[in-house]
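K.L.:
Mind looking at a prediction? Sequence and model below.
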2 protein chains.
Amino acid sequence: MAVQTVAGTTQSAASPSPGSADPHEDATGDKSFGPAAALSCRECGTRFPLSPVFACQECFGPLEVAYDLPLGDPEGLRRRIEAGPANIWRYAPLLPVPAGVAERPNLNPGWTKLVRADNLARELGVTGGLHIKDDSGNPTHSFKDRVVAIALEAARAFGLTTLSCSSTGNLAGAVGAAAARAGLRSCVFIPADLEAPKVVMAAVYGGELVAIEGTYDDVNRFCSELIGDPVGEGWGFVNVNLRPYYGEGSKTLAYEIAEQLGWRLPDNLVVPIASGSQLTKIDKGLKELIALGLVADKPYRIYGAQAEGCSPVSAAFKAGHDVVRPVKPDTIAKSLAIGNPADGPYVLDIARRTGGAVEDVTDEQIVAAIRLLARTEGIFAETAGGVTVGVLRKLIESGQLDPAEETVVLNTGDGLKTLDAVAGTGPTATIRPTLAAFREAGLA
Amino acid sequence: MAVQTVAGTTQSAASPSPGSADPHEDATGDKSFGPAAALSCRECGTRFPLSPVFACQECFGPLEVAYDLPLGDPEGLRRRIEAGPANIWRYAPLLPVPAGVAERPNLNPGWTKLVRADNLARELGVTGGLHIKDDSGNPTHSFKDRVVAIALEAARAFGLTTLSCSSTGNLAGAVGAAAARAGLRSCVFIPADLEAPKVVMAAVYGGELVAIEGTYDDVNRFCSELIGDPVGEGWGFVNVNLRPYYGEGSKTLAYEIAEQLGWRLPDNLVVPIASGSQLTKIDKGLKELIALGLVADKPYRIYGAQAEGCSPVSAAFKAGHDVVRPVKPDTIAKSLAIGNPADGPYVLDIARRTGGAVEDVTDEQIVAAIRLLARTEGIFAETAGGVTVGVLRKLIESGQLDPAEETVVLNTGDGLKTLDAVAGTGPTATIRPTLAAFREAGLA
């Protein structure tokens, strides 16, 4: 019943396949990478055996996971998923993980709430249905738990013993927590000037936390050096040498949205852009769902959301360019502040192909959107959630998104981690504890 | 099939029952309070119609909800629960809420993870199985979302239009968020000297937030005044006049633990004590599960956990007293800092009846336990979670809890809200971005 399909990637029939030579099989015959068949170059389609590499040896293009997906029995697959655990492992048949993954110690992220946002819809004039996919419900309160969980399984399969990353916050906490629970060493690299709460959360799980005197770009460059050095032997950098696996975690957002809507696709999705990887993997996940027959095939539009202070993809989209020109970020949405987004060109492709768009909002609009979402739906989003909700408003006002259609907006993080954005928020009144004072303050 | 049972309460057959005169039925015949039949005095057993009152008119004892529970078909009930939503509303047949509650706009808390804590068990020498019930996964990241969700339904049923509370933090956020989503006005009262992050979170949902110049006790006293005044007309104070309904939310912790263990009871539960209400309601929930035939009847021990700096119940337990002498709190575990816990005597009863105990830990032990839980299981708990894990360690060391038995420990809140407790936590090294610097720092 397993038929090869690689939704969203170019395939090269002549490229090498691990086939029966796959070394990734444990004593019980449980394949370490489940339905994953190979790594495939996104640019030239050349295939490589599953290993901790991230760039094509032929053309230096990015590698992604190619699958032998379980086609041919959509009803059986749907039942299997629905009977699975209330976390991302319900989708193990569609991920590069072993079938028994749910039994291993990990943080079991995912299956976060898809919140029907009728109050917000009213404020924005959306009549076709509006939902927030709220990933603040993940174990360390951001979507990063999804991608780290998959990277962790790859690290285990490759026998890597240290889990690492460069991070500006959310990823650091997710890696530290996942490694602690899995019993792996962790060593996380951050810029030295990070906000105190994110530093505390990155450090509390007890792994190594190394502050680098430099920018996030300096941290990244240093991590690439480490991978090439004998010092980095046995290290899994979740967002570098494990990136092909890591990225697949974002597909689960697409799967969950479709399943939580009753196995169907929405008309529009509004997704934040940092590196752009999440958006491209959501598109990949949606295409897989269609290919597998789990949802009816229908058009959908994917919209990318950036902060104006770091909007290279939005700028390219508006200018009609295929190339993304790097920028120096300056925005409160620090989790999206990647000035040179690796997947930027793919994001442009997807936004244009699906009939979506890429838009950006100012820091003031981000803060207003955080407050709007909190006031209408009781969801306290981090700045990235302010970006997507703010962009939704702008897309509607500019006529780029049809409010009569059904839309899903992502909130990928938690307001508690970016308190500074709404720091001015406080009591509406301060009074003595008497009824007279209460009345005087005009509260009665 | 409905047979009257009120697990854990004294019943008075002669007391008034709302019976067929129940006004709480909507146009569809959906009873606003589901299986709830009356309020019942915990001291004298006198029953009163369901209304927004909290003290017995006969003896001033606390009122709690009495039920007509669905006895007689445990298999059918179990199937109904298992087919329900992944939140507390799966237990709607056992709560004072209408059958269709899941369709209303609320935060849908609950069904948080029960984490198998093998690493922590090894460190503490637990061989019988150890689990963390991690309520940091709730929408506003504390167990308060459970109790507020039930109080909100009561407010709706009684036609109250303002949701209110006195709070030192977690409750303020939970009420603000729930009211926002439900479209109710909210007015939350806090002491003026609260920590900044909790103030921001309490305020961000856009309701009224009133800072009171005084202690938490002053805030509480003022709220009681407001209820008696015409100004408080139409107000539902979740932890005062809606307290009987509010408290029932804690039963869902017992239900979830049992269901997540595969419909069975653990040997031991370690529960934090603030007012003591949560512990008493967990006991009530466990007894209901047995009465309903959803789990096999077996002994269980309930252990209460306090901070040494606010340990009136622990002191009474150790002294063999039935009476709890109020104290002035001084501890970093502020969410447990209630010096005069209303349910203290009931906690003593339950700890003694079940063969448990009440124990306390110092602030230093709380911080060490927060770090231990983070390092072993990747769970970043608030100070209250440090209290329960620290008390578990102490109970084992002192021989009060048998490590060969199965134990469930509650973490009721999120470390991001009490960052000060681990404020010293930071990078293990700060270096320039070079391999030489990395080696010099001894990190290679």
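P.N.:
Ah, there it is.
K.L.:
Residue A:394 reaches residue A:359, doesn't it?
P.N.:
Yes - here residue A:394 reaches residue A:359: they are 5.5 Å apart, a contact under C-beta atoms under 8 Å. C-beta coordinates here come from the backbone N, C-alpha and C atoms, glycine included.
K.L.:
ok, the two, which is more surrounded?
P.N.:
Using other C-beta atoms under 10 Å in any protein chain shown as the criterion, residue A:394 and residue A:359 rank with residue A:359 on top: 27 against 19.
K.L.:
tell me which element the more buried one is part of?
P.N.:
strand A:358-361 (DSSP states H and E).
K.L.:
what does that strand rub up against?
P.N.:
Applying C-beta atoms under 8 Å, 6 or more residues apart in numbering or on different chains, the set of residues contacting strand A:358-361 from outside is A:273, A:303-308, A:311, A:313-314, A:316-318, A:347-348, A:351, A:369, A:386-387, A:390-391, A:394-395, A:398, A:400.
K.L.:
can you pull the contacts of the nearest residue to residue A:136 once chain neighbours are set aside?
P.N.:
Among residues not flanking residue A:136 along the chain, residue A:414 sits closest, at 4.0 Å (C-beta to C-beta, 6 or more residues apart in numbering or on different chains). By C-beta under 8 Å, 6+ apart, residue A:414 lies in contact with A:136, A:141, A:142, A:380, A:381, A:382, B:141, B:416.
K.L.:
how about a cut-off of 6 Å?
P.N.:
Residue A:414 is in contact with A:136, A:141, A:382, counting by C-beta atoms under 6 Å, 6 or more residues apart in numbering or on different chains.
K.L.:
Give me the secondary structure label for the first one.
P.N.:
Following DSSP: H, G, I helix; E, B strand; the rest coil, we place residue A:136 in the helix state.
K.L.:
okay, now it: neighbour count?
P.N.:
By the criterion of other C-beta under 10 Å, residue A:136 has 25 neighbours.
K.L.:
Let me see the confidence value for it.
P.N.:
On the pLDDT scale, residue A:136 is placed at 97.
K.L.:
quick one on the thing from earlier: partners of the residue nearest to residue A:136 in the sheet?
P.N.:
Legend: beta-bridge partners of residue A:414 under DSSP bridges are residue A:381.
K.L.:
Residue A:246 reaches residue A:240, doesn't it?
P.N.:
No - Residue A:246 is beyond contact range of residue A:240, at 9.0 Å (criterion: C-beta atoms under 6 Å).
K.L.:
and chain A, what are its domains?
P.N.:
Residue ranges for each domain of chain A read A:19-93, A:113-141+A:250-422, A:144-246, as given by automatic domain parsing.
K.L.:
Which of these comes out lowest on mean pLDDT?
P.N.:
When the domains of chain A are compared on mean pLDDT, domain A:19-93 scores lowest, with a mean of 89.
K.L.:
Distance from that domain to the middle of the chain?
P.N.:
Relative to its chain's centre, domain A:19-93 lies at 18 Å (C-alpha atoms, centre = their mean, to the nearest Å).
K.L.:
Mind checking if it is in reach of chain B?
P.N.:
Yes - between domain A:19-93 and chain B, judged by C-beta under 6 Å from any C-beta of the partner chain, the touching residues are residue A:86.
K.L.:
right, so of the domains of chain A, which gets closest to residue B:293?
P.N.:
Counting by C-beta to C-beta, residue B:293 lies closest to domain A:19-93 out of the domains of chain A; the figure is 25.0 Å.
K.L.:
Identify the contacts common to residue A:394 and residue A:359.
P.N.:
Common neighbours of residue A:394 and residue A:359 are not found (criterion: C-beta under 6 Å, 6+ apart).
K.L.:
Spell out which residues of the stretch 151-300 of chain A are next to chain B.
P.N.:
A:177, A:180-181, A:192, A:197, A:199-200, A:203-206, A:208-214, A:218, A:222, A:225, A:229, A:231.
K.L.:
Count residues in the vicinity of the residue in the stretch 1-150 of chain A that chain B sits nearest to, would you?
P.N.:
Using C-beta to the nearest C-beta, the closest approach of the stretch 1-150 of chain A to chain B is made by residue A:86 at 5.4 Å. Using other C-beta under 10 Å, residue A:86 has 13 neighbouring residues.
K.L.:
Work out for me the element it sits within.
P.N.:
If you go by DSSP H and E, residue A:86 is not part of any helix or strand.
K.L.:
wait, what's in contact with it?
P.N.:
Contacts for residue A:86 (C-beta under 6 Å, 6+ apart) come out as A:111, B:86.
K.L.:
So among the contacts of strand A:358-361, which ones count as buried?
P.N.:
Among the contacts of strand A:358-361, those classed as buried by neighbour count (16 or more other C-beta atoms under 10 Å in any protein chain shown) are A:273, A:303-308, A:311, A:313-314, A:316-317, A:347-348, A:351, A:369, A:386-387, A:390-391, A:394-395, A:400.
K.L.:
what ranges do the helices span in chain A?
P.N.:
A:74-82, A:118-124, A:144-157, A:170-182, A:196-203, A:216-228, A:243-248, A:251-260, A:277-291, A:312-319, A:344-354, A:363-377, A:383-397, A:435-440 (DSSP state H).
K.L.:
want to throw these into TSV with distance to residue B:265?
P.N.:
Output for those, formatted as TSV (distance: least, C-beta to C-beta, whole Å):
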stretch	distance to residue B:265
helix A:74-82	28
helix A:118-124	39
helix A:144-157	30
helix A:170-182	26
helix A:196-203	34
helix A:216-228	48
helix A:243-248	39
helix A:251-260	32
helix A:277-291	40
helix A:312-319	54
helix A:344-354	51
helix A:363-377	37
helix A:383-397	39
helix A:435-440	47
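K.L.:
Pretty sure residue A:305 sits against residue A:276.
P.N.:
No - here residue A:305 does not reach residue A:276: they are 11.3 Å apart, not a contact under C-beta under 6 Å.
K.L.:
Relative to residue B:354, how far out is residue A:188?
P.N.:
Distance of residue A:188 to residue B:354, given as C-beta to C-beta, to the nearest Å: 43 Å.
K.L.:
okay, those two: which has more neighbours?
P.N.:
Comparing residue A:188 with residue B:354 by neighbour count (other C-beta under 10 Å), the higher total belongs to residue A:188, at 28 against 17.
K.L.:
Just give the closest residue to the more buried one, not the sequence neighbours.
P.N.:
Using C-beta to C-beta, 6+ apart and skipping the chain neighbours, the partner closest in space to residue A:188 is residue A:172 (4.7 Å).
K.L.:
so how many other residues sit close to the one you found?
P.N.:
Residues near residue A:172, counting by other C-beta under 10 Å: 27.
K.L.:
quick one: it from chain B, how far?
P.N.:
Distance, residue A:172 to chain B, by C-beta to the nearest C-beta, to the nearest Å: 10 Å.
K.L.:
Just the local confidence number for residue A:6, please.
P.N.:
pLDDT recorded at residue A:6 is 38.
K.L.:
Please name the bridge partners of residue A:359.
P.N.:
Residue A:359 forms beta bridges with residue A:305, as assigned by DSSP bridges.
K.L.:
okay, residue A:246 and residue A:240: which has more neighbours?
P.N.:
Higher neighbour count among residue A:246 and residue A:240: residue A:246, with 28 against 21, using other C-beta under 10 Å.
K.L.:
for the more buried one, what are its contacts?
P.N.:
Going by C-beta under 6 Å, 6+ apart, the list of residues near residue A:246 reads A:147, A:151, A:238, A:239.
K.L.:
Cool, thanks, signing off.
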